[in-house]
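Here is my input; please provide its structure:
(3 chains)
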Amino acid sequence: MTLLSLLDYASVFVFALSGALVASRAQLDIFGFIFIASLTAVGGGTLRDIILNRDTVFWVANPGYIGLAALAAFLTFFTAHLLESRYRAILWLDACALAVAVPAGVAVALAMGQPPAIVIIMGIVTGCFGGLMRDVVCNEVPLVLRQGELYVTCALAGASVTLLVLYTGLPMSVALLGCAAT
Amino acid sequence: MTLLSLLDYASVFVFALSGALVASRAQLDIFGFIFIASLTAVGGGTLRDIILNRDTVFWVANPGYIGLAALAAFLTFFTAHLLESRYRAILWLDACALAVAVPAGVAVALAMGQPPAIVIIMGIVTGCFGGLMRDVVCNEVPLVLRQGELYVTCALAGASVTLLVLYTGLPMSVALLGCAAT
Amino acid sequence: MTLLSLLDYASVFVFALSGALVASRAQLDIFGFIFIASLTAVGGGTLRDIILNRDTVFWVANPGYIGLAALAAFLTFFTAHLLESRYRAILWLDACALAVAVPAGVAVALAMGQPPAIVIIMGIVTGCFGGLMRDVVCNEVPLVLRQGELYVTCALAGASVTLLVLYTGLPMSVALLGCAAT
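Below is the predicted model of the structure:
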């Protein structure tokens, strides 16, 4: 359970950073940053919890996740202008977040005793839908489609590997995505 | 319970009016009006009920809400052309709807015994996501982002005040938003 | 139960074909095809199941639906270029899918003992939201709004007829939509 929530925290934080960078590109104010960061951060996991009909959505059980997303939004708000290329950073962050969110989704579905096909799909849902919601709300063509092959391949690979060697998939998918995003 | 459902009805009606006005700007037909009006009217509350895992979504328990939204769409369909500026009216209606929807969301979350942080977030979700869905479906940049500071500040203020002096927050947030939207 | 799942399979397959054609127009790769096809195929039914608070979302209970959507995406990926007009085909497929999805939605809501108003709304939700999500994610103005009158009228007619003469509505709505889409 502790590794699972660590994964959840890490993916929330990294997704929130990427959401805040998108907010920065769209020149929103601090509340727009927090809104988009939170949406990106918990969107995928919320959808996963709702589809699996979990008793409580993960961030309702522990509102600290939203606080963490708001913190990431704050940090980004005051440092985003220092970045050379925000678009490049978004790609990188999305890849990293995917790499942690997919195993988190897989772990939740596994813990609920779902069959392998559903476990893998939930990994993909957790990994992809946060960024998808962010792009849809900001009225951009979703990154997950523009970089489709890369994204879904990585998510699929990550989910499958995680399923095989429970949790060992994490470093491998980080490597996979890290190199792919460059 | 009666004040709670009155708040719900009021926010459904006002959000439906704003949804119908957006449909009018997009030159949709009467069914488009009803569709967008209903989506805007019940979108935020539906999301709230789903995330909180309420037994029944509020308008499934009482389909009269959808009838009310359809009524608002009808009224708007035949009167929208009389308005001088539909955009200005949308801003106004959104502000009013926010002012009633936020306390409604707060009240539901409170009745379910959620902690304060979740109560405030649910107020914001109920208030913001109806209009957000409307703008996403109509392929516009969401008003909540273009007017971010205003919106979220008001929603946050409304939710916090409501939480403190249960229900007293309503007139105050109406005043806040009314003046801000001008 | 068997006719119900046949309807579900048929609507999943036809919606997946239409989703894949939209992916083809957006020049996505094979993973984009599968992603959009699956989203279109199960989007409406998933929303229906979540709003009605069904114990398990239909494709979580039976992941074969996702497999079917992926199959449709594959078939489309290798044959879409043979079509003279993909836009015309999308209109046709959407009409057909609507004609099977609406009764499927109606049947599920009926089986859950919902009142008539909710049954009809669920028919419309199941029929319209798959295509709506597809268009929103692909950043297009939703077809359901551009062709609003046609769509919603057909969905409403289909749902009402299905409700009256349980299941007899299917061929009639096919006829209705078939002729309308031409």
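
Quickly check: the strand or helix carrying residue A:124 near chain B or not.
Remark: residue A:124 resides in helix A:116-137, with elements defined by DSSP states H and E. Yes. Using Cβ under 8 Å from any Cβ of the partner chain, helix A:116-137 reaches chain B at A:136, A:137. Using the backbone N, CA and C atoms, a C-beta is placed for each residue, glycine as well.

which intervals of chain A have sub-threshold pLDDT?
Low-confidence segments of chain A (pLDDT under 70): A:1-4, A:144, A:146-182.

quick one on the thing from earlier: give the other helices and strands that the helix holding residue A:124 contacts.
Helices and strands touching helix A:116-137, by 3 or more Cβ pairs under 8 Å, 6 or more residues apart in numbering or on different chains; DSSP states H and E, are helix A:2-25, helix A:30-51, helix A:86-111, helix A:143-146, helix A:148-164, helix B:116-137, helix C:64-79, helix C:116-137.

Among those, which comes closest to residue A:126?
Closest to residue A:126 of these is helix A:86-111 (Cβ to Cβ; 2.8 Å).

list the buried ones in that closest one?
Buried residues in helix A:86-111, counted by 16 or more other Cβ atoms under 10 Å in any protein chain shown: A:86, A:89-110.

Measure how far that helix is from the centre of its chain, please.
Its chain's C-alpha centre and that of helix A:86-111 lie 4 Å apart, by Cα atoms, centre = their mean, to the nearest Å.

ok, back up a step: what's the closest of the helices and strands packed on helix A:116-137 to residue B:34?
Closest approach to residue B:34 among the helices and strands packed on helix A:116-137 (Cβ to Cβ): helix C:116-137, 10.2 Å.

Grab the CA positions of the closest one and hand them over as CSV.
Extracted C-alpha coordinates of helix C:116-137, given in CSV (Å, rounded to 0.1, in the frame of the first residue of the first chain):
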residue,chain,number,x,y,z
PRO,C,116,-39.9,6.3,-18.4
ALA,C,117,-38.3,9.8,-18.4
ILE,C,118,-34.9,8.4,-17.2
VAL,C,119,-35.2,5.4,-19.6
ILE,C,120,-35.6,7.8,-22.6
ILE,C,121,-32.8,10.1,-21.4
MET,C,122,-30.5,7.1,-21.0
GLY,C,123,-31.3,6.0,-24.5
ILE,C,124,-30.2,9.4,-25.7
VAL,C,125,-27.1,9.4,-23.5
THR,C,126,-26.0,6.0,-24.8
GLY,C,127,-26.6,7.0,-28.4
CYS,C,128,-25.1,10.5,-28.4
PHE,C,129,-22.2,10.7,-26.0
GLY,C,130,-19.8,8.2,-27.7
GLY,C,131,-19.8,10.3,-30.8
LEU,C,132,-19.7,13.5,-28.8
MET,C,133,-16.6,12.4,-26.9
ARG,C,134,-14.9,11.4,-30.2
ASP,C,135,-15.5,14.8,-31.7
VAL,C,136,-14.5,16.7,-28.5
VAL,C,137,-11.2,14.8,-28.2
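
report the angle between the axes of that helix and helix C:30-51?
On the basis of axes from the mean of the first three to the mean of the last three Cα atoms, to 10 degrees, helix C:116-137 is oriented at 160 degrees to helix C:30-51.

How far does helix C:116-137 sit from its chain's centre?
The answer for helix C:116-137 is 8 Å, by Cα atoms, centre = their mean.

Stretch A:20-34 too?
Counting by Cα atoms, centre = their mean, stretch A:20-34 is centred 17 Å from the centre of its parent chain.

anything in it near chain B?
Yes. Using Cβ under 8 Å from any Cβ, stretch A:20-34 reaches chain B at A:26, A:28, A:29, A:30, A:31, A:32, A:34.

That stretch spans what distance, first to last residue?
End-to-end span of stretch A:20-34 (Cα to Cα, to the nearest Å): 7 Å.

What lies in contact with that stretch?
Applying Cβ atoms under 8 Å, 6 or more residues apart in numbering or on different chains, the external contacts of stretch A:20-34 come out as A:35-37, A:40, A:69-70, A:72-77, A:80-81, A:83, A:86-87, A:89-90, A:93, A:134-135, A:138, A:140, B:145, B:148-149, B:151-153.

Return the distance of residue A:93 relative to residue A:34.
According to Cβ to Cβ, to the nearest Å, residue A:93 stands 17 Å off from residue A:34.

Could you do residue A:46 as well?
16 Å.

repeat for residue A:104
With Cβ to Cβ as the criterion, residue A:104 and residue A:34 are 22 Å apart.

and if you look at residue A:14?
For residue A:14, the distance to residue A:34 - Cβ to Cβ - is 16 Å.

Please apply the same query to residue A:86.
From residue A:86 over to residue A:34 the distance is 17 Å, taken as Cβ to Cβ.

Could you do residue A:100 as well?
Residue A:100 is 21 Å from residue A:34, where distance means Cβ to Cβ.

again, but for residue A:40
Residue A:40 is 11 Å from residue A:34, where distance means Cβ to Cβ.

Which one of these two is surrounded by more residues?
Legend: neighbour count by other Cβ atoms under 10 Å in any protein chain shown for residue A:40 and residue A:34, higher for residue A:40 (35 against 27).

My read is that that one contacts residue A:16, right?
Yes. Here residue A:40 reaches residue A:16: they are 6.4 Å apart, a contact under Cβ atoms under 8 Å.

what's the overlap in contacts for these two?
Counting by Cβ under 8 Å, 6+ apart, the shared contacts of residue A:40 and residue A:16 are residue A:69.

and chain A, which residues reach chain B?
So chain A meets chain B at A:26, A:28-32, A:34-36, A:46, A:50, A:55-57, A:60, A:63, A:66-67, A:136-139 (Cβ under 8 Å from any Cβ).

buried subset of those?
By neighbour count, with 16+ other Cβ under 10 Å, the residues of chain A next to chain B hold A:26, A:28-32, A:34-36, A:46, A:50, A:57, A:60, A:63, A:66, A:136-138 as buried.

still on that earlier bit, if I look at residue A:40 and residue A:34, which residues touch both of them?
Common neighbours of residue A:40 and residue A:34 (Cβ under 8 Å, 6+ apart) are residue A:69.

and residue A:16, how many residues sit next to it?
Using other Cβ under 10 Å, residue A:16 is surrounded by 33 other residues.

Give me the distance between it and chain C.
22 Å (Cβ to the nearest Cβ, to the nearest Å).

Residue A:98 - nearest residue in space that isn't next to it in sequence?
Closest residue to residue A:98 apart from its sequence neighbours, by Cβ to Cβ, 6 or more residues apart in numbering or on different chains: residue A:127 at 4.5 Å.

quick one: residue A:78 from chain B, how far?
Separation of residue A:78 from chain B (Cβ to the nearest Cβ) stands at 17 Å.

let me fix that: residue A:21
15 Å.

Could you check how many residues crowd around that residue?
As a burial measure, residue A:21 scores 27 neighbours (other Cβ under 10 Å).

Report the separation between it and chain C.
Taking Cβ to the nearest Cβ, one finds residue A:21 at 20 Å from chain C.

same thing with residue A:93?
Residue A:93 sits at a distance of 21 Å from chain C (criterion: Cβ to the nearest Cβ).

how close does that residue get to residue A:37?
Separation of residue A:93 from residue A:37 (Cβ to Cβ) stands at 11 Å.

hang on, the earlier thing: switch the helices and strands packed on helix A:116-137 over to a markdown table; also include distance to residue A:119.
Formatted as a markdown table, the helices and strands packed on helix A:116-137 follow (distance: least, Cβ to Cβ, whole Å):
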| stretch | distance to residue A:119 |
| --- | --- |
| helix A:2-25 | 14 |
| helix A:30-51 | 11 |
| helix A:86-111 | 4 |
| helix A:143-146 | 20 |
| helix A:148-164 | 6 |
| helix B:116-137 | 28 |
| helix C:64-79 | 12 |
| helix C:116-137 | 23 |
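
thinking again about what came up before, filter the contacts of stretch A:20-34 down to the buried ones.
Buried members of these, counted by 16+ other Cβ under 10 Å: A:35-37, A:40, A:69-70, A:72-77, A:80, A:86, A:89-90, A:93, A:134-135, A:138, B:145, B:148, B:151-152.
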